[in-house]
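[1] no sequence for this one, just the structure:
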């Protein structure tokens, strides 16, 4: 069996997606199975022209698009992120554990930094939606 070397941060991401007693190879296989028939996507990318709704960033972008792409400043974007995170919380989901931890600690600096780092198209775009 060939060895594959991956960066520590990718390994940590695999670990967060792992089920009990699941190896990194099992996680990769499961993720590949989920993408069968679909082109591999970069994080934050789009499928069929729609953002990934299972992520907080994707849910916020979807809301922005559904509201006719309003001009949101950083404070409004933070508020929308919190509102969308609350929706995930009510469903028992936590797609962004660090963001949620920052919110629960009332760490507004962390929350603001997280939102700024998302490269939302209306704030500090890295790629066009």
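    Received the coordinates, thanks. On a predicted model such as this, the values are computed, not experimentally measured, just so you know. Numbering: from 1, shown residues only.

[2] make it CA atoms for all contacts and neighbour counts henceforth
    Noted.

[3] which stretches in the chain count as helices?
    Applying DSSP state H to the chain gives helices spanning 8-17, 24-34, 56-66, 74-90, 97-104, 108-117.

[4] who are the packing partners of the fifth one?
    Secondary structure elements in contact with helix 97-104, counted by 3 or more Cα pairs under 8 Å, 6 or more residues apart in numbering; DSSP states H and E, are helix 108-117.

[5] elements contacting the helix it packs on?
    On a contact count with 3+ Cα pairs under 8 Å, 6+ apart, helix 108-117 meets helix 74-90, helix 97-104.

[6] tell me what the longest one is packed against?
    The one in question is helix 74-90. Counting contacts by 3+ Cα pairs under 8 Å, 6+ apart, helix 74-90 packs against helix 56-66, helix 108-117.

[7] now the last one: buried residues?
    Residues 110, 111, 112, 115, 116 are the ones in helix 108-117 that count as buried (16 or more other Cα atoms under 10 Å).

[8] what's the closest non-adjacent residue to the spatially most central residue of the chain?
    With distances taken as Cα atoms, centre = their mean, the residue of the chain nearest its centroid is residue 55 (3.9 Å). Once flanking residues are discounted, residue 55 sits nearest to residue 95: 5.7 Å by Cα to Cα, 6 or more residues apart in numbering.

[9] thinking again about what came up before, hang on, the residue nearest to the centre of the chain packs against residue 97?
    No. Taking Cα atoms under 8 Å as the definition, residue 55 is not a contact partner of residue 97, at 11.0 Å.

[10] so where's this structure shaky on pLDDT?
    By pLDDT under 70, the weakly predicted segments of the chain are 1, 35-52, 125-129.

[11] mind doing that once more with 90?
    Applying pLDDT under 90 to the chain flags residues 1-54, 58, 62, 65-69, 95, 116-121, 123-129.
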